[in-house]
Each structure stands twice: as C-alpha cells, then as structure tokens.
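> Generate a structure from the sequence data that follows.
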Amino acid sequence: MSASEMGNMASDWATAYDTFRNSNTELAFPSETLIRLFRGDYLTGQLPQVEGKRLVDVGFGNGNNTAFFCSLGMDVHGVEIHPDICRQAAARFGEAGLKASFETGTNRELPYPDEHFDFLVSWNVLHYEGSEEGVVAGLREYARVLKPGGRLILSTTGPEHKILLNSETLGGHRYRIGRPGDFRQGQVHFFFDAPNYIDFYFGAHFAELKIGRIHDDLFRETLDWWLVTGVKPGA
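Numbering: from 1, shown residues only. Predicted structure coming up:
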C-alpha cells in the first residue's frame, strides 16, 4: 500500500468513526469472542493471567474492546491510523475514568520498542494491508513488539464474510471490495482462503498456533472471521 493510499484510508476511517458516533451506530460493547478468550480457558485450557500485563490493541477503532481490557486490570495501549481517532478515544476514556494510552501507527509500524507487550490483539485489522508484502510485514511487526512468550490474538475476514459481496478476485489472496454502499468499496483486502495459508504466514513468527472460526448467519447477511492465536518463541 502506497503512502497516499494509506493516507486516504486513514482519513476514510476517521470520517467513518465520526459518522458512526453521530448516528449512534458505533460499537458499544466488546466482542463476545474476546470476552470468552480473556475470561475463559479456551486459549490454553487455563484461565489467562492478565492483571498487570501489558497489552496493545492494534486498530482499536472506537475503543469498545479496549475498554474491556482496561476492566481486566491490564496496562492497555491502543494504535490507530489517524491521530483524530486517537484524540477522540483519549478524551472519551478520560471522561469515563479509564486509563489507556493511544498512539498513531499501522500494522507495519507500531510505535513501541522491541519485546514490549505480553499480549497483542489485532481484531479485524490485518486484511486491510491488501497485499502479501503488507501482511508479512505486519506479522513481523507484531512479533517484534511482543515479549518472548507473548501471545497474539487475532481475527481477520473469512471467505464467506458479507464484505466479499460483489468483490473482484485479483489473485494472490487479494480482493477488490465491491459491496454496494460500503465506504470501503474499491479498497483491496488480503484474505486467507483456507487454514493452511494461515499456518504458512503466521508460522514464520509464532509457535503453538491455533486456528478457529467465527461464523454468524444473521438472516440477511453472513459474518465470517478466522480466529488465530500463537505465542512468540523464545520464552
């Protein structure tokens, strides 16, 4: 993705979050899947030890998941691609008495030192890279900022998701979004078509990989995401 394309995407998302907020359509609650993963024993068979651990929420959006992480007593940080998104989140969290730090960055350029986090959450973000090169660089960057033994928890678009409606297949896991009425129409996204591709790309940087799937048939539309977790080797 070129610098101009990244700038356009950042502006589009800043505008989108303003629209969601003004129309009362923004996400108000954390992902049920993330609640289960952090409050249940699904990741390893044991309850995760999270209190006091440092977590970064990559692509935090309006902060609905970020607020949940704060409620767990974690040291919470968030990254978004436009400074306005970060400023608005910081203001809302301050008003709510929630402590979190927000920085501008991307999948490929996270503004943190090496081996800084115990957890990295990337929730419906990685596919916006739109190319194999971008996805590989993003995964490399995720691993860089995680401590040895730190855990990645990620979701990314699956092959039956509604956003693929009217999309154009470009090859190499790339699709041009054609969904009518979606502000992302015309963007190129990178989707993993099958679990073996997830193994291939993620296995270069993460061990103990587990792959799941979230599939909701909501009558008129289908939501479909891959769910991936793994740890950075070297602990």
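> Checking the closest residue to W123 other than its chain neighbours next. Helix, strand or coil?
Spatially, and ignoring its direct neighbours in sequence, W123 is nearest to S155 (5.4 Å; Cβ to Cβ, 6 or more residues apart in numbering). Any C-beta I mention is one placed from the backbone N, CA and C, and that applies to glycine too. For S155, the assignment made with DSSP: H, G, I helix; E, B strand; the rest coil gives strand.
> Relative to V228, how far out is S155?
Using Cβ to Cβ, to the nearest Å, we find S155 at a distance of 7 Å from V228.
> Number of residues surrounding the residue nearest to W123?
Other residues lying near S155 total 23 when counted by other Cβ atoms under 10 Å.
> Number the chain from 723, please
From this message on, residue numbering opens at 723, which makes the last subject S877.
> Compute the distance between it and E727, please.
Distance from S877 to E727, by Cβ to Cβ: 23 Å.
> By mean pLDDT, which helix or strand of the protein comes out lowest?
Ranking every helix and strand in the chain by mean pLDDT, DSSP states H and E puts helix 725-744 at the bottom, with a mean of 68.
> Touching, L931 and Y923? I think so.
No - with contact defined as Cβ atoms under 8 Å, L931 does not reach Y923; the gap is 10.3 Å.
> Pick out whichever of the two has more residues nearby.
Remark: of L931 and Y923, Y923 carries more neighbours, 19 against 15, as counted by other Cβ under 10 Å.
> mind listing what's buried in the helix or strand hosting the more buried one?
Per DSSP states H and E: Y923 is located in helix 917-924. Neighbour-count burial for helix 917-924, counted by 16 or more other Cβ atoms under 10 Å, picks out 920, 923-924.
> go on, stretch 893-900?
895-897, 899-900.
> quick one: which of these sit in strands?
896-897 (DSSP state E).
> The buried residues of stretch 893-900 into JSON lines, with extra columns for pLDDT and distance to F782?
As requested, the buried residues of stretch 893-900 are exported to JSON lines (pLDDT from 0 to 100; distance: Cβ to Cβ, whole Å):
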{"residue": "H895", "pLDDT": "96", "distance to F782": "25"}
{"residue": "R896", "pLDDT": "96", "distance to F782": "25"}
{"residue": "Y897", "pLDDT": "96", "distance to F782": "25"}
{"residue": "I899", "pLDDT": "96", "distance to F782": "22"}
{"residue": "G900", "pLDDT": "94", "distance to F782": "27"}
